[in-house]
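1. Can you look at this prediction? I've put the sequence above it.
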Amino acid sequence: MTAHDAESGSRPDAESREDVRLMLAYKAGDPEAFEQLVRRHRHGLFNFLLRSVANRSRAEELLQEVFLRIVRSRERYEPRAKFTTWVYTIARNLCVDESRRRAQRRELSLEAPRGSSGDSSTSLRQRVAAPESLGIAPAEIEQIRERVALAVDELPDEQREVFVLRQVNGMSFREIAEVVSAPENTVKSRMRYALEKLRVVLADMDPRSDSSDATTRQHA
Amino acid sequence: MPEFSPDQLTQLEDALELLDGPRAEGRTELEAPVAARLDDYARVVAVTRVAWPDEEPTPGVLDEVLAQARSELGGSPRVEEAPVPARTRWWFPTFALVGATALILLFVLLPDRGDNAASRDASHVARADAPQSESASTQNGAEKAGSSVVAARKQPNERMVEESAGAEGSALDARDVPSEGETIDGVDRIGGIASASGSSRGGVEAKSKHDSAPPAAAPAVKRQKKVSRASRSDKSKSVWQQEPAGSRSKSSAADDVVPSSLEQADGLRRGGRCSKARKLYKRALSEATNNRDKARAEAGLGLCLAREGKADAQRHFDAALRLDPSLRPWLERERAELP
């Protein structure tokens, strides 16, 4: 699903109905139906998880867990909500759990050396925060990716999940509100906060950089 | 950069829907500062798109999940193989056919055979005057001498037995060729009935057999009734039908009990009550009927040992992952949460 689809406001109804039909067919005992569901949703779910946890192998594990939970919920499944709302709620909850675990274990320590990529004596923050000081060309795509990943990773969880669902999965704010169980206006506020933070952090990557302060109004 | 008023912030948030659309669409109505900020956000979105190309998961990463999905349905994990449900479903038409045949035989044969059987019973029960004459007329006189009562009690077995023995059959023949739907006990009784009654060979032979076998016939009749009562309750089923149903209910009961035991054990383990948790895990491991539950039980035992700092934990983790590799994410999460 592309971001352009987000302009329509929601996933086409025919696709939603097809998802429900497939899930009910799987519930009735058709394994092929589940395989079709996997093919339809693994790409979007994987990219959401990848951008949320910023770790490919962990994202794949969570992807497995999402579908396993769907399998285990087979007998209890009732089409009360859209299928995508349901599966992305599962994925989102797993990301929340993952975020808490990471906070506890300090898995992603910005000051700790990252031995798996490049110079082990250089922390992630050093590598991405000031590419010019390290003699690395700022135009390198990989740097851009790492900076964006770092910037998004530093967002609060509730802002990050809204930003990723919107930018990666192209969900409308209404759909995102259902997934994160928050009012639509709250979702829009979180998106604005996220964009504002990223705008400041990534200002040097913007040809029309604006180093002004972030928003001055506090939402409840 | 001027501060935004509340109205402008509301306008800005509502305009976020326009970020991914054409620049000009809907933005002409925005105030200049709001439009400018929206442009900044649009560039952030563009940078994000460059930094976040769509990626695919590693091929095969979901293979185990798909296998699990199939196994949950009780089917084969491989699509290419012949569908297992067809094999399972083969039993039903077979049993249905057997049951239907038995019912047909019961209802079709019972009225006819009631006459002959009743008269034989009358002769046995009475043990009186001229049992020979009664037996001689067994084939024709179903209504004679209180035979109707006995006939009513006459069981399908006996009719089928004698039909299977046939007019030309002998006791040995009947023993060798039991009729469909007969239980093992019924087969045993077939020979007894045939030898006792000897109705297959006609009047003279029947007479002689009656003369010789009344003592054995009476117990045979009583045994027939007992067998028939049992067969009446199971007349729609054969022996082969009963076992699968019993085993199905047993396994389904185990499938309900084991997961709940595992959940209870998990709760005890997380609460630090590992001794009780281990008992539940061990019981679940012995009662589990599928690899997933066994793997969970093994993992739970390992987690208890790991919580106590014992080295044997890894052995249980390895066993769990051998039984169900898809358990790895759950196991890693649980291990991460160990104190």
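-> Arrived safely, thanks for sending.

2. which bits of the stretch 201-339 of chain B sit near chain A?
-> Near chain A, the residues belonging to the stretch 201-339 of chain B are B:S326, B:R328, B:P329, B:W330, B:E332, B:R333, B:A336, B:E337 when assessed by CB under 8 Å from any CB of the partner chain. Heads up, the C-betas are built off the backbone N, CA and C, glycines and all.

3. Return a selection command, for use in ChimeraX, containing the buried ones of those.
-> Listed next is the ChimeraX selection for buried residues among those, using 16 or more other CB atoms under 10 Å in any protein chain shown:
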select /B:326,328,329,330
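
4. What is the nearest of the residues of the stretch 201-339 of chain B next to chain A to chain A?
-> Nearest to chain A, judged by CB to the nearest CB, of those is B:P329 at 4.5 Å.

5. What strand or helix carries that closest one?
-> helix B:328-336 (DSSP states H and E).

6. ditto for B:H316
-> helix B:313-323.

7. Now do that helix against helix B:328-336, angle only.
-> 160 degrees (axes from the mean of the first three to the mean of the last three CA atoms, to 10 degrees).

8. Kindly export helix B:313-323 (C-alpha atoms) in PDB.
-> C-alpha atoms of helix B:313-323 as PDB (Å, rounded to 0.1, in the frame of the first residue of the first chain):
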ATOM      1  CA  ALA B 313      18.000 -25.200  31.500                       C
ATOM      2  CA  GLN B 314      19.700 -25.100  28.200                       C
ATOM      3  CA  ARG B 315      18.900 -28.800  27.600                       C
ATOM      4  CA  HIS B 316      15.200 -28.100  28.000                       C
ATOM      5  CA  PHE B 317      15.400 -25.100  25.700                       C
ATOM      6  CA  ASP B 318      17.100 -27.200  23.000                       C
ATOM      7  CA  ALA B 319      14.500 -29.900  23.400                       C
ATOM      8  CA  ALA B 320      11.700 -27.300  23.100                       C
ATOM      9  CA  LEU B 321      13.100 -25.800  19.900                       C
ATOM     10  CA  ARG B 322      13.600 -29.200  18.400                       C
ATOM     11  CA  LEU B 323       9.900 -29.900  19.000                       C
END
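
9. Which parts of it count as buried, going by neighbours?
-> B:A313, B:H316, B:F317, B:A319, B:A320, B:L321, B:L323.

10. same thing with stretch A:20-33?
-> Here stretch A:20-33 shows A:V20, A:L22, A:M23, A:A25, A:Y26, A:K27, A:P31, A:A33 as buried, counting by 16+ other CB under 10 Å.

11. sorry, back to before: who are the packing partners of the helix holding B:H316?
-> helix B:291-307, helix B:328-336 (3 or more CB pairs under 8 Å, 6 or more residues apart in numbering or on different chains; DSSP states H and E).

12. can you list those helices in a markdown table and add mean pLDDT?
-> Formatted as a markdown table, the helices and strands packed on helix B:313-323 follow (pLDDT from 0 to 100):
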| stretch | mean pLDDT |
| --- | --- |
| helix B:291-307 | 91 |
| helix B:328-336 | 88 |
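
13. any idea which of those is most buried?
-> helix B:291-307 (a mean of 24; mean count of other CB atoms under 10 Å in any protein chain shown).

14. Contact partners for A:V162?
-> A:I176, A:V180, A:V187, A:R190, A:M191, A:A194 (CB atoms under 8 Å, 6 or more residues apart in numbering or on different chains).

15. ok so, going back, farthest pair in the buried residues of stretch A:20-33?
-> Within those, A:V20 and A:P31 form the most distant pair, 17.3 Å apart (CB to CB).

16. quick one, helices of chain A?
-> For chain A, applying DSSP state H gives helices covering A:13-27, A:31-53, A:56-72, A:83-105, A:124-129, A:141-153, A:157-167, A:173-180, A:184-201.

17. In a markdown table: these, plus distance to B:L262 and mean pLDDT.
-> What follows is the helices of chain A, written out as a markdown table (distance: least, CB to CB, whole Å; pLDDT from 0 to 100):
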| stretch | distance to B:L262 | mean pLDDT |
| --- | --- | --- |
| helix A:13-27 | 23 | 92 |
| helix A:31-53 | 24 | 95 |
| helix A:56-72 | 13 | 96 |
| helix A:83-105 | 20 | 90 |
| helix A:124-129 | 40 | 39 |
| helix A:141-153 | 35 | 86 |
| helix A:157-167 | 30 | 95 |
| helix A:173-180 | 30 | 94 |
| helix A:184-201 | 37 | 95 |
